[in-house]
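Asker: I'll drop the sequence and a predicted model, then ask my questions.
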Amino acid sequence: MQTWRVDMCCSFFFFCFYSMVTPFLENLEILILHKMPKKQKSMISR
């Protein structure tokens, strides 16, 4: 059994999943930050 193939498939899948989810999460974060008062903004922003 070739484990490196499984690793490649997993990493490829993870990369695709990550590239799909990241913009969504960023948009969600922006929405949340816009709705929050300014005091909480500074706590959440990295």
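Answerer: Right, received. Where do you want to start?

Asker: can we go C-alpha only for contacts and neighbour counts from here?
Answerer: Will do.

Asker: What are the buried residues along whatever helix or strand residue 15 lives in?
Answerer: Per DSSP states H and E: residue 15 is located in helix 3-35. Within helix 3-35, the residues that count as buried by 16 or more other C-alpha atoms under 10 Å are residue 33.

Asker: per-residue confidence averaged over that helix?
Answerer: The average pLDDT for helix 3-35 rounds to 90.

Asker: so what does it touch, helix or strand wise?
Answerer: The helices and strands touching helix 3-35, judged by 3 or more C-alpha pairs under 8 Å, 6 or more residues apart in numbering; DSSP states H and E, number zero.

Asker: That helix: how far from the chain's middle?
Answerer: 5 Å (C-alpha atoms, centre = their mean, to the nearest Å).

Asker: Can you give me the distance of residue 8 to residue 21?
Answerer: Noted for residue 8: a distance of 20 Å to residue 21, by C-alpha to C-alpha, to the nearest Å.
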